[in-house]
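> Sharing a sequence plus its predicted fold:
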Amino acid sequence: MNDPFKLLLIGDSDSQLLACEALCRFPSDLNVQVTINAIPREGTPDSILQRAAALGDLWRLDMGQLLTHSELLHFDAIGVYLTGSKISDFRLALGLLPSRERPLLFCGFNGVVLEKFMEGMSWRLGYDLVCLSGPRDREALDRMLEGSPFAGQRTVLTGLHRQEISDDQLLDQEQRRKQLVFAEQVVMPSSPADRAEMVRILADLARRSPDWEVLIKPRIAPGEATFHSITDHISTTLQQALGHPPDNLRFDYRPLPDLLRQARLTATISSTAFFDALDMGCRPLVMADFGINPANGSHVFAGSGVWRCLDQVEDLDALDRSLPSPDADWLAWMGYGTNLDPVDLIEALGQLRADPPERLSTTSGYLSNANLSFTQLRRDAEQAIGQKNWEEAQSLLQLGSLMRPTHRNVARRLRAVQQRNRIIRRLLLSLTYRDVG
């Protein structure tokens with residue numbers, strides 16, 4: 001029997017952890033052994049952590065602890081699904097560690113890329129492999145990198161199928177409940193006025209369709225956190241905008257796949273839930289009431305063939321009868337309905353293991369955010385010290401000492417946090433404190 005392919009996936013928010021989950025659709029004969037590291041973050045939904053734990057081993061290590069973990073270099077490949085500069089920081093920080101044989105590094109995006117593709121790619125340049133959803137993303141990347149030193153950036157298409165379910169497990173349309181599931185996004189639309197208008201439109205549609213249920217699936221429950229910060233939870237918006245909604249409009253906090261498995265229709269403005277619905281046999285449509293607006297991501301879905309203004313729909317019975325299937329060419333362009341699969345990722349990684357890649361290097365004058373900030377590393381260490389997270393502070397300061405071996409204050413702060421005696425540690429930290437901004 002072949003040795004298992006040891007895969008570590010790292011995520012720091014619910015969206016990134018869901019992207020990790022979507023990758024883990026490997027057949028058993030590939031013998032992929034998955035470990036998920038969910039970086040501790042206040043408010044991450046317990047349901048997401050439970051789903052991550054079901055994929056394999058679940059770690060809960062901060063970034064510094066992870067980078068200095070004794071098992072880190074034993075993995076065959078590491079998939080990094082972090083936010084912003086942390087993607088680049090992890091790659092560069094791992095390069096500081098003394099090892100001749102480091103794991104292969106890959107990264108990707110959490111679902112459909114709606115905006116800031118160039119900025120997002122600039123953090124990812126230099127990885128051994130970048131996962132893209134489909135031809136749309138690859139075409140955009142080719143245009144971005146043409147003629148640059150990064151034109152050789154290796155990519156693999158993994159598609160937008162996210163739920164593993166066979167056709168015989170799906171309900172026929174006649175067996176499904178007369179339900180419209182609305183997949184809420186916390187910042188699309190973002191303005192309070194537009195969000196109030198959104199729930200008003202859904203409420204009016206529910207009133208015109210008394211035989212149907214309109215279920216709003218909030219992105220998160222009150223008190224939970226996602227990648228985007230929000231002012232008001234959608235439940236607060238509904239209460240302020242409507243007061244008393246119709247009886248057949250309600251919130252449902254069950255996992256989205258469970259709702260899609262039984263509902264006839266799902267609506268979204270620009271959520272990857274569109275593709276989850278297709279996986280689950282639920283017919284999707286795009287809420288077009290706010291127009292083609294890049295700020296809402298709706299421009300990406302304008303060619304889907306299921307673009308509908310819900311405020312103008314007679315009722316849900318009429319919508320159910322008239323709604324076509326999404327445009328097949330658009331789906332293929334996005335990366336859905338084809339043979340794109342995470343298996344292609346494992347095959348690509350296997351080829352890179354057999355023929356180790358030459359690392360891409362940053363060239364001055366070209367777009368790239370690939371610079372590990374020594375100052376930010378020190379700030380993160382000081383934040384960990386303030387939280388009395390001594391293990392994380394020690395790990396970060398160890399990385400800092402690798403970046404700047406002759407930096408005296410980093411060395412002194414490292415010796416201080418390594419001190420087990422609380423009184424001596426407090427004294428050393430007081431004596432060695434420097435303001436790093």
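Sure thing, it's come through.
> could I have stretch 55-68 exported to CSV, CA atoms only?
Extracted C-alpha coordinates of stretch 55-68, given in CSV (Å, rounded to 0.1, in the frame of the first residue of the first chain):
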residue,chain,number,x,y,z
LEU,A,55,-12.3,16.0,7.7
GLY,A,56,-9.3,14.7,9.7
ASP,A,57,-7.1,15.9,12.5
LEU,A,58,-8.0,19.3,13.8
TRP,A,59,-5.3,21.7,15.1
ARG,A,60,-5.9,25.0,16.8
LEU,A,61,-2.5,26.7,16.6
ASP,A,62,-1.7,30.4,16.2
MET,A,63,0.5,31.4,13.3
GLY,A,64,3.8,31.5,15.2
GLN,A,65,3.1,28.2,17.0
LEU,A,66,2.3,26.6,13.7
LEU,A,67,5.4,27.8,11.9
THR,A,68,7.6,26.4,14.6
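> what distance separates that stretch from the centre of its chain?
17 Å (Cα atoms, centre = their mean, to the nearest Å).
> got the buried residues for that stretch?
Buried positions in stretch 55-68, judged by neighbour count with 16 or more other Cβ atoms under 10 Å: 55-56, 58-59, 61-68. C-beta here means a position set from N, CA and C on the backbone, and glycine is covered the same way.
> do stretch 11-19 as well
For stretch 11-19, burial by neighbour count (16+ other Cβ under 10 Å) applies to 11-19.
> coming back round to it: residue 161: which of the buried residues of stretch 55-68 is nearest?
Of all those, residue 55 has the smallest distance to residue 161: 16.3 Å, by Cβ to Cβ.
> Check the contact between the closest one and residue 33; I expect there is one.
No. Judged on Cβ atoms under 8 Å, residue 55 makes no contact with residue 33 at a distance of 10.6 Å.
> helix/strand/coil for residue 428?
helix (DSSP: H, G, I helix; E, B strand; the rest coil).
> okay, now it: neighbour count?
Using other Cβ atoms under 10 Å, residue 428 has 18 other residues around it.
> Repeat that for residue 375.
Look at residue 375: counted by other Cβ under 10 Å, it has 10 neighbours.
> Just say helix, strand or coil for the nearest residue in space to it that is not next to it in sequence.
Using Cβ to Cβ, 6 or more residues apart in numbering and skipping residues adjacent in sequence, the residue nearest residue 375 is residue 436, 6.2 Å away. In three-state terms, and counting by three-state DSSP, residue 436 is coil.
> Tell me the pLDDT of residue 436.
Per-residue confidence for residue 436 comes out at a pLDDT of 83.
> Would you check that it makes contact with residue 379?
Yes. With contacts counted by Cβ under 8 Å, residue 436 reaches residue 379, the gap being 5.4 Å.
> Strands of the chain, residue ranges please.
5-11, 32-38, 57-59, 77-81, 104-107, 129-132, 155-157, 177-183, 213-217, 249-251, 263-268, 283-287, 307-308 (DSSP state E).
> Now do the contacts for the nearest residue to residue 283 once chain neighbours are set aside.
Nearest non-adjacent residue to residue 283, counting by Cβ to Cβ, 6+ apart: residue 265, 5.4 Å away. Taking Cβ atoms under 8 Å, 6 or more residues apart in numbering, we find residue 265 in contact with 179-181, 282-285, 316, 319-320, 323.
> ok, what's across the strand from residue 265?
Counting by DSSP bridges, residue 265 is bridged to residue 180, residue 283.
> mind checking how far it is from residue 173?
Computed as Cβ to Cβ, to the nearest Å, the residue 265 to residue 173 distance reads 10 Å.
> can you check residue 133 too?
From residue 133 to residue 173 the distance is 27 Å (Cβ to Cβ).
> Tell me which of these two has more neighbours.
residue 133 (24 against 12).
> The more buried one touches residue 113, doesn't it?
Yes. Taking Cβ under 8 Å as the definition, residue 133 is a contact partner of residue 113 at 7.4 Å.
> if we can go back for a sec, hey, what's in contact with both of residue 265 and residue 173?
Joint contacts of residue 265 and residue 173 (Cβ under 8 Å, 6+ apart) are residue 283.
> Give me the nearest residue to residue 268, chain neighbours excluded.
Per Cβ to Cβ, 6+ apart, closest to residue 268 is residue 183, 4.4 Å.
> wait, doesn't that neighbour sit right on residue 252?
No. Using Cβ under 8 Å, residue 183 is not in contact with residue 252, being 10.9 Å away.
> what domains does the record give for the protein?
Per automatic domain parsing, the structural domains of the chain span 5-159+338-354, 167-332, 374-432.
> As CSV, the ones you listed with mean pLDDT would be great.
Below are the domains of the chain laid out as CSV (pLDDT from 0 to 100):
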stretch, mean pLDDT
domain 5-159+338-354, 89
domain 167-332, 91
domain 374-432, 86
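> give the contact list for the closest residue to residue 252 other than its chain neighbours.
Distances taken as Cβ to Cβ, 6+ apart place residue 215 nearest to residue 252, at 4.4 Å, with adjacent residues excluded. By Cβ under 8 Å, 6+ apart, the residues touching residue 215 are 179-182, 250-252, 259, 263.
> how close does residue 215 sit to residue 238?
Per Cβ to Cβ, residue 215 is found 13 Å from residue 238.
> which neighbours do those two share?
Common contact partners of residue 215 and residue 238 (Cβ under 8 Å, 6+ apart): residue 251.
> Skipping adjacent residues, who's closest to residue 311 in space?
residue 201 (4.9 Å).
> Same check on residue 285?
residue 306 (4.4 Å).
> unless I'm mixing things up, the one you found is touching residue 286, no?
Yes. Between residue 306 and residue 286 a contact is recorded at 5.8 Å, counting by Cβ under 8 Å.
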